[in-house]
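A.B. asks: The sequence isn't on hand, but the structure is:
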């Protein structure tokens, strides 16, 4: 329908071609169709606003307030969206506020490595955020992957747009720095590497940004997967107070023997069994007993037993055997990019197989000499343990399907999961430990839709071209239509 309306518009403009030579055109456009303003502030698909999402990759809940606040890392739009009422917001409800951009219509990469925004780069903004977490005081921490840092935004839901700014940076000394490991060839207890030095930002999306599923443990310590340094590090709660300075130092590292090493393991079958090293860790979770679960590029989850694993510790168990096709109840089809708990049971987001696997509580796992990896007890997103198609092979998504699910977070009542390539966040009820099909969603008006940035009739997608007639020039830019008169 949008294309038909566009054709009618072009026909009407061209209908009086004999008058074209009689008018001197104003070179400055006066109106725009398909965008909210003449100045281009986003070139992502469709119309960027507070409703839609573009490849979201992480979610977090602030349960320090009631109702809980939902945060979504809207990765492709280089921002985080916030909903003040996570429990009752209706399908497709617009976000209440935006973090990391000047307004809801802007989506260019921001920060010291951002590019493309004609208004100038926002040094405290975001570029490809891939992780979000909330501390017990309601402060939002964002893994700003394109800028190799974590930003802390104090209680964003209480702030006005002009004051919704970070008060702390981790991984860099200043808000104006953004290189991995602060531009050094080695890492330290204070540096991070989420994206490579050679990263050349396109105008819209951070294609080289790694997922960093950050989390807090029950004591308030911040755990961070540091993918390109091939480690997980912990920042103690004592360095995260309201008056804390930037560039705090981690006090614990897993995957390396010290804070200056950053060796990776080659992706071989033999290295998959190594318990002291890791390659490209993507997500970390900590259970109530202090056990630390880390997923890495080997399509496995390393389990470090608590209450506090020492620096360079060896994993006690490995969850998942060698990758394969089709997937099974013990095989992840690719790297796990989300970890959360249903009660005391670990759940893993098997992204490439478009599913969630739920396992028994750790204390109930069979001994390793009996079963190397425990089998999953339940699956969500697929009809069985051996299926792995996006949206179950259907033409359109449903409330029971995923297409490249990534980060997830749970409460006693529900799971919130970023369904990246369906451009939505699903809310899946938990009924007696069973993850049920979704009953609500964010980013789309209904379960059968999956367009980037939620097509709703205001956006235009056209081939580039120009038509001049009847005293007006209509220019199709790919992101909208500008009319010169």
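C.D. replies: Okay, I see it. For clarity, every value in this text was computed on a predicted model and none was experimentally measured.

A.B. asks: Next one, pLDDT for the residue nearest the centre of the chain please.
C.D. replies: With distances taken as Cα atoms, centre = their mean, residue 57 lies nearest the centre of the chain, 2.3 Å away. Residue 57 is assigned a pLDDT of 98 by the prediction.

A.B. asks: OK, contacts around it?
C.D. replies: Taking Cβ atoms under 8 Å, 6 or more residues apart in numbering as the contact definition, residue 57 lies against 73, 75, 129-131, 211, 337, 406-407, 418, 420. C-beta here means a position set from N, CA and C on the backbone, and glycine is covered the same way.

A.B. asks: likewise residue 99?
C.D. replies: Contacts of residue 99 by Cβ under 8 Å, 6+ apart are 71, 79-82, 126, 140, 142, 153, 156, 164.

A.B. asks: Mark which of those residues are part of strands, please.
C.D. replies: Using DSSP state E, 71, 79-82, 140, 142, 153 are the members of the contacts of residue 99 that sit in strands.

A.B. asks: Kindly reformat those residues as CSV containing neighbour count.
C.D. replies: Putting the ones in strands among the contacts of residue 99 into CSV (neighbours: other Cβ atoms under 10 Å) gives the following:
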residue, neighbour count
71, 30
79, 29
80, 29
81, 27
82, 24
140, 24
142, 28
153, 24
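
A.B. asks: Just put those residues in CSV and tack on pLDDT and distance to residue 438.
C.D. replies: As requested, those are arranged in CSV below (pLDDT from 0 to 100; distance: Cβ to Cβ, whole Å):
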residue, pLDDT, distance to residue 438
71, 99, 18
79, 97, 23
80, 99, 21
81, 99, 18
82, 98, 20
140, 99, 24
142, 99, 25
153, 98, 28
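
A.B. asks: quick revisit: sort out which one of the contacts of residue 99 lies nearest residue 96 for me.
C.D. replies: Proximity of the contacts of residue 99 to residue 96, judged by Cβ to Cβ, is greatest for residue 82, which lies at 5.9 Å.

A.B. asks: So that closest one sits against residue 94, correct?
C.D. replies: No - taking Cβ atoms under 8 Å as the contact criterion, residue 82 and residue 94 are not neighbours in contact, 10.9 Å apart.

A.B. asks: Show me whatever sits in contact with both of the two.
C.D. replies: By the contact definition Cβ under 8 Å, 6+ apart, residue 82 and residue 94 are jointly contacted by no residue.

A.B. asks: on that earlier part again, columns distance to residue 299 on top of the ones in strands among the contacts of residue 99, output as TSV?
C.D. replies: Below are these laid out as TSV (distance: Cβ to Cβ, whole Å):
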residue	distance to residue 299
71	28
79	30
80	28
81	30
82	32
140	30
142	27
153	33
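
A.B. asks: I'd like to know the beta-bridge partner residues of residue 409.
C.D. replies: Taking DSSP bridges, one obtains residue 416 as the residues bridged to residue 409.

A.B. asks: contacting residues around residue 151?
C.D. replies: Applying Cβ under 8 Å, 6+ apart as the definition, the contact partners of residue 151 turn out to be 124, 126, 141-142, 144, 166, 168-170.

A.B. asks: Would you agree residue 319 is in contact with residue 348?
C.D. replies: Yes - counting by Cβ under 8 Å, residue 319 touches residue 348, with 7.2 Å between them.

A.B. asks: Mutual contacts of the two, please.
C.D. replies: Joint contacts of residue 319 and residue 348 (Cβ under 8 Å, 6+ apart) are 301, 359.

A.B. asks: tell me the average confidence for stretch 335-347?
C.D. replies: Model confidence over stretch 335-347 averages 98 on the pLDDT scale.

A.B. asks: How about stretch 237-257?
C.D. replies: So the average pLDDT for stretch 237-257 ends up being 95.

A.B. asks: and residue 252, bridged to which residues?
C.D. replies: Applying DSSP bridges to residue 252 gives these bridge partners: residue 234.

A.B. asks: what's around it, how many residues?
C.D. replies: When counting by other Cβ atoms under 10 Å, one arrives at 20 neighbours for residue 252.

A.B. asks: Now that it has come up, it's in contact with residue 222, right?
C.D. replies: No - in this structure residue 252 lies outside contact range of residue 222 using Cβ under 8 Å: 11.0 Å.
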